[in-house]
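Chemist: based on what follows, work out the 3D shape:
(one chain, ligands or ions: 2)
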Amino acid sequence: MSYEKHMRGYKDPRTFCHIDRLYAWKNNKFFAPATVEISPINICNQKCRYCYVHTKSNLIRKNKGLEKEIFIDIIKQCKEMSVGALHIQGTGEPLLHRGIVDAFHEIGRQNLPVYLTTNGVLLDKKMAREILPHATLVRFSNFEPEKKRYTYMHDCPTPTHYDEVVENIENAVMLRNELNLDVALTSTLYIDESNFERVPQYIKQLKSMGLDYVIVGEASWTSQTFIRERRPSTEITLKEKKILVEEISQACYKMCDNNFQVNFTPRIMPKKVMKGFLSDDWKKNSCQGIKFTASIASDGEVYPCWRFWGNKKYSYGNLYKCDLRTILQGQKTIDVFNYINTTPPEFDECEVCSIMELNNILGMLKNPTVWHNFLSC
Ligand SMILES: C[S@@+](CC[C@H](N)C(=O)[O-])C[C@H]1O[C@@H](n2cnc3c(N)ncnc32)[C@H](O)[C@@H]1O
Ligand code: SF4
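Modeler: Ligands and ions are numbered 1, 2, ... in the order given. Reported below is the predicted structural model:
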């Protein structure tokens, strides 16, 4: 494990490193997205109770996902257009895609940084040997080191999923050492009122397994989740226990060192990571960040963000019919961009948005105040 070795720069401000993109954006010129998310497949081997893609992935026809040739071609197109990085994630479990190993080989050939988000069940020794040498970061999603709860929260078809993930994380750590790979190994951990007191114990265990970084957050229970109940956030459920939560977060931060870092982001924490907005907070023209990213669904549709997964009316275009550059420069992309920037979300779909921080930075750049000129005082 080594946060310092594999994740140096991870917490640096990222937006300002994109001077060319920012300049093009400010001058209304075309530029390639910094990050493209690819959803290779929309079926899953788990049914996490909180999972927000349930409704979305049901809108996309269930099939074997992107054809392998198209998947490979998308990777090549991204490189050719100077996309900065890929995020393999989407509306299902990406490692279920039959061409995933070939896709990672292509990503390696194209020398593109890639972030893989996975539940990790299928990342066995054989697959890890093919994928890890080409990956920049692997994130094991909501890995809570407690078998009974893991099995319940992920609604696993078999309790052996838990044992497989433990084995796969440990193998990934060993393989990284053996092959001297430069891949960051991380996980997320969702807390709520029923597990937060055990978090220090979990973090100790995750550190000892050899992970570099753990994000302690919370699941957003939106109207899109598997279970049809909208659960309150930690801000409400843990309100009375705020001091205790803070003490717990401090106990976790004490375990941080050059090799291992934790980030506490539940909404109850004072310095929570910026989350998306509810429709009441929405402001016109505030979704500029979507120009810096694009999301490709498992049927080849290109969407601005997760809000529209599966809703073809708001797709920029389809990669089975047209190349990515042409799609992103097309009239439909402009129309969808304008729609998003003039129409608030109908429900709570933007609550889980991760582009919010970028939107805020772009807002500051577009509307500078006099204070921006005081760089040295
Ligand atoms: C939809 S999954 C798809 C990739 C893969 N199946 C996995 O679980 O990593 C992508 C990420 O969204 C997270 N996620 C799903 N539903 C969520 C929710 N309601 N709140 C917060 N994160 C959620 C998952 O934990 C995972 O890290
Ligand atoms: S979070 Fe990932 S593993 Fe869980 S149901 Fe959703 S897509 Fe599947």
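
Chemist: ok so residue 214 is a helix residue?
Modeler: No - Residue 214 sits outside any helix when classified using DSSP: H, G, I helix; E, B strand; the rest coil, being strand.

Chemist: so how far is residue 17 from it?
Modeler: Distance from residue 214 to residue 17, counting by C-beta to C-beta, to the nearest Å: 25 Å. C-beta coordinates here come from the backbone N, C-alpha and C atoms, glycine included.

Chemist: in terms of neighbours, single out the busier of the two.
Modeler: residue 214 (26 against 13; other C-beta atoms under 10 Å).

Chemist: if I read this right, that one contacts residue 188, doesn't it?
Modeler: Yes - at 7.2 Å, residue 214 counts as touching residue 188 under the criterion of C-beta atoms under 8 Å.

Chemist: hmm, which helix or strand of this structure has the shakiest average pLDDT?
Modeler: Lowest by mean pLDDT, DSSP states H and E among the helices and strands of the chain is helix 54-59, with a mean of 68.

Chemist: so after that one, what's the next helix or strand?
Modeler: Moving toward the C-terminus from helix 54-59, the next helix or strand (DSSP states H and E) is helix 68-80.

Chemist: okay, that following helix in PDB with CA atoms only?
Modeler: Extracted C-alpha coordinates of helix 68-80, given in PDB (Å, rounded to 0.1, in the frame of the first residue of the first chain):
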ATOM      1  CA  LYS A  68     -16.500  -5.300 -28.400                       C
ATOM      2  CA  GLU A  69     -15.500  -3.600 -31.700                       C
ATOM      3  CA  ILE A  70     -17.400  -0.500 -30.800                       C
ATOM      4  CA  PHE A  71     -16.000  -0.500 -27.300                       C
ATOM      5  CA  ILE A  72     -12.400  -0.700 -28.700                       C
ATOM      6  CA  ASP A  73     -13.200   1.900 -31.300                       C
ATOM      7  CA  ILE A  74     -14.500   4.400 -28.700                       C
ATOM      8  CA  ILE A  75     -11.200   4.100 -26.800                       C
ATOM      9  CA  LYS A  76      -9.300   4.800 -30.000                       C
ATOM     10  CA  GLN A  77     -11.600   7.800 -30.800                       C
ATOM     11  CA  CYS A  78     -11.100   9.200 -27.300                       C
ATOM     12  CA  LYS A  79      -7.300   9.100 -27.600                       C
ATOM     13  CA  GLU A  80      -7.500  10.600 -31.100                       C
END
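
Chemist: name the residues of it that come out as buried.
Modeler: For helix 68-80, the neighbour count (16 or more other C-beta atoms under 10 Å) marks 68, 70, 71, 72, 73, 74, 75, 77, 78, 79 as buried.

Chemist: wait, which of those is closest to ligand 2?
Modeler: Taking C-beta to the nearest ligand atom as the measure, ligand 2 lies nearest residue 71 of those, at 17.9 Å.

Chemist: check contacts around the closest one.
Modeler: 38, 40, 65, 97, 99, 102, 103 (C-beta atoms under 8 Å, 6 or more residues apart in numbering).

Chemist: for the residue lying closest to the fourth one once chain neighbours are set aside, helix, strand, or coil?
Modeler: When you say that, I think you mean residue 97. Nearest non-adjacent residue to residue 97, counting by C-beta to C-beta, 6 or more residues apart in numbering: residue 40, 3.9 Å away. Using three-state DSSP, the structure places residue 40 in coil.
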